[in-house]
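Peer 1: Give me the fold of what follows.
(one chain, ligands or ions: 2)
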Amino acid sequence: IECAKQMGESSILRQANCRAKGAAPGFKVAILGAAGGIGQPLAMLMKINPLVSVLHLYDVVNSPGVTADISHMDTGAVVRGFLKQEQLASALTGMDLVIIPAGVPRKPGMTRDDLFNINAGIVRTLCEGIAKCCPKAIVNLISNPVNSTVPIAAEVFKKAGTYDPKRLLGVTMLDVVRANTFVAEVLGLDPREVDVPVVGGHAGVTILPLLSQVKPPCSFTPEETEYLTNRIQNGGTEVVEAKAGAGSATLSMAYAAVKFADACLRGIRGDKDVVACAFVDSQVTELPFFATKVRLGPNGAEEVYQLGPLNAYERAGLEKAKKELAESIQKGISFARK
Ligand code: NAD
Ligand code: LMR
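Peer 2: Ligands and ions are numbered 1, 2, ... in the order given. Next comes the predicted model:
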């Protein structure tokens, strides 16, 4: 509606008002960075999600066009667009779930940490808005480097006095989606039947697939273990290189983000036994944040699960992951406290 007013397009305004009257019961979801490579397919998939009644699409560019386009889909959710910082508060007010894919993506040769200088500031600004306008919302943070942006978000919320560790979740679902796919290929199974826990963080060696805990139970040769671990850890780079300068994973990420957001919404609804991996405030290791399986409920990550038994290969991987993670987490905290 905001965008329609701004664009002076009365037909969009009429349509949005009309939809609002017949809005389906469900949750209010905002996407920040909705006009981007992830944002657009994510917005489309959330518009289809029957658990969503209101969908707010915020970006600093192009959100009116994306909103007009998506609002024509004949599904239940009412879509509203919001453009630029002055409309951030309206985009956030009343939201149950905020998904953040705002920020720059990698190009070949870059690490996720190379995105820190730009994305840290973007995440800080957006989280300040969340603290002010929807402090009880559950936050799904996608912007890289996740290992640092989640600690930044936590510091912003702490400063504002709104921090609830259960409600802040770094999205690592793409690592699980990739792990399920690659493991299924090796085992000759349907990926929908496979469940691979991926713990640690979301960058290189911090991505630690627990192949000893794959369901259905199975075993791998040392060569298969090495191949799968490397492929899962470098899945993002595989896409960045294939896109050759045109960005990083967007479509598989939108799929993974919706899979995770849907789990969060089912948790808020009170469904039992909703479990997914996420990078959260954690006491599983000595680090303040760590990705493991969590149980999602009405307040977000209600329970953070322990790692379970690890084999020698995974224990060695865990030590490497923790070393890099500690630095990335500290970098985020120092930035936010500056
Ligand atoms: P993109 O450049 O295509 O889109 C980013 C969008 O963010 C753009 O529309 C841009 O206008 C918007 N934006 C920039 N500053 C903003 C601000 N201050 N407020 C609101 N919106 C703003 O990039 P993309 O491919 O969609 O990737 C987005 C981010 O997601 C990157 O940091 C990327 O590394 C990360 N990512 C994370 C995962 C993961 O698994 N967590 C997977 C893929 C990509
Ligand atoms: C991914 O895993 O695909 C994302 O983190 C994007 C990237 O830069 O690799």
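Peer 1: can you pull the pLDDT of residue 11?
Peer 2: Confidence at residue 11, expressed as pLDDT, is 40.
Peer 1: before we move on, what about residue 8?
Peer 2: For residue 8, pLDDT reads 43.
Peer 1: Quick one: name the residues of the stretch 1-150 of the chain near ligand 1.
Peer 2: Proximity of the stretch 1-150 of the chain to ligand 1, by Cβ under 6 Å from any ligand atom, involves residues 32-33, 35-39, 59-61, 101-106, 115, 119, 122, 125-126, 142-144, 146. (Each C-beta comes from the backbone N, C-alpha and C, glycine too.)
Peer 1: repeat that with 5 Å
Peer 2: For the stretch 1-150 of the chain, the residues in contact with ligand 1 (Cβ under 5 Å from any ligand atom) are 33, 35-38, 59-61, 101-103, 105, 122, 142-144, 146.
Peer 1: just the buried members of these?
Peer 2: The neighbour-count test (16 or more other Cβ atoms under 10 Å) marks 33, 35-38, 59, 101-103, 105, 122, 142-144, 146 as buried among these.
Peer 1: separation between the residue in the stretch 1-150 of the chain that ligand 1 sits nearest to and residue 164?
Peer 2: The minimum distance from the stretch 1-150 of the chain to ligand 1, using Cβ to the nearest ligand atom, falls at residue 36 (2.1 Å). Distance, residue 36 to residue 164, by Cβ to Cβ, to the nearest Å: 27 Å.
Peer 1: ditto for residue 310
Peer 2: Residue 310 is 30 Å from residue 164, by Cβ to Cβ.
Peer 1: before we move on, back to that, among the residues of the stretch 1-150 of the chain next to ligand 1, which are located in helices?
Peer 2: Judged by DSSP state H, the subset of these located in helices is 122, 146.
Peer 1: Excluding sequence neighbours, find me the nearest residue to the residue of the stretch 1-150 of the chain closest to ligand 1.
Peer 2: Excluding its sequence neighbours, the residue lying closest to residue 36 (Cβ to Cβ, 6 or more residues apart in numbering) is residue 101, at 6.1 Å.
Peer 1: thinking again about what came up before, could you double-check that the residue of the stretch 1-150 of the chain closest to ligand 1 sits in contact with residue 57?
Peer 2: No. Look at residue 36 against residue 57 with Cβ atoms under 8 Å: they stay out of range, at 10.8 Å.
Peer 1: number of nearby residues for residue 220?
Peer 2: Residue 220 sits with 18 neighbouring residues when counted by other Cβ atoms under 10 Å.
Peer 1: contacting residues for the closest residue to it other than its chain neighbours?
Peer 2: In space, and not counting its chain neighbours, residue 220 is closest to residue 211: 5.7 Å by Cβ to Cβ, 6+ apart. Residues counted as contacts of residue 211 (Cβ atoms under 8 Å, 6 or more residues apart in numbering) are 183, 196, 220, 225, 228, 229, 314.
Peer 1: same question, residue 293
Peer 2: Applying Cβ under 8 Å, 6+ apart, the residues contacting residue 293 are 197, 199, 275, 276, 277, 305.
Peer 1: got it, and residue 147?
Peer 2: Contact partners of residue 147, counting by Cβ under 8 Å, 6+ apart, are 112, 170, 201-203, 206, 279, 289, 324-325, 328-329, 332.
Peer 1: Looking at these, spot the one nearest ligand 1.
Peer 2: residue 202 (5.4 Å).
Peer 1: From residue 175, how far off is residue 246?
Peer 2: 22 Å.
Peer 1: Mind checking which of the two has more residues around it?
Peer 2: Neighbour totals were compared for residue 246 and residue 175, and residue 175 leads with 29 against 11 (other Cβ under 10 Å).
Peer 1: quick one, phi psi at the residue of the stretch 1-150 of the chain closest to ligand 1?
Peer 2: Here the main-chain torsion angles of residue 36 (degrees, to the nearest 10) amount to phi -90, psi -170.
Peer 1: Get me the contact residues on this protein for ligand 2.
Peer 2: 106, 236, 248, 249.
Peer 1: Looking at those, state which has the most neighbours.
Peer 2: residue 236 (25 neighbours).
Peer 1: wait, what's in contact with that residue?
Peer 2: By Cβ under 8 Å, 6+ apart, the contact list for residue 236 reads 106, 112, 174, 248, 249.
Peer 1: ok, and does the one helix or strand it maps to reach over to ligand 1?
Peer 2: Under the criterion of DSSP states H and E, residue 236 resides in helix 235-243. No. Helix 235-243 is not in contact with ligand 1 by Cβ under 5 Å from any ligand atom; minimum separation 6.6 Å.
Peer 1: And the next helix or strand past that helix?
Peer 2: Downstream of helix 235-243 (by DSSP H and E), the next one is helix 251-269.
Peer 1: If I take that following helix and helix 235-243, what angle do their directions form?
Peer 2: Relative orientation of helix 251-269 and helix 235-243, computed by axes from the mean of the first three to the mean of the last three Cα atoms, to 10 degrees: 140 degrees.
Peer 1: Other residues contacting the helix or strand where residue 139 lies?
Peer 2: Element membership for residue 139 (DSSP H and E) is strand 138-141. Contacting residues not belonging to strand 138-141 are listed as 96-100, 123, 127, 130, 149-150, 153, 167-171, 257, 260-261, 264, 268, 299-300 [Cβ under 8 Å, 6+ apart].
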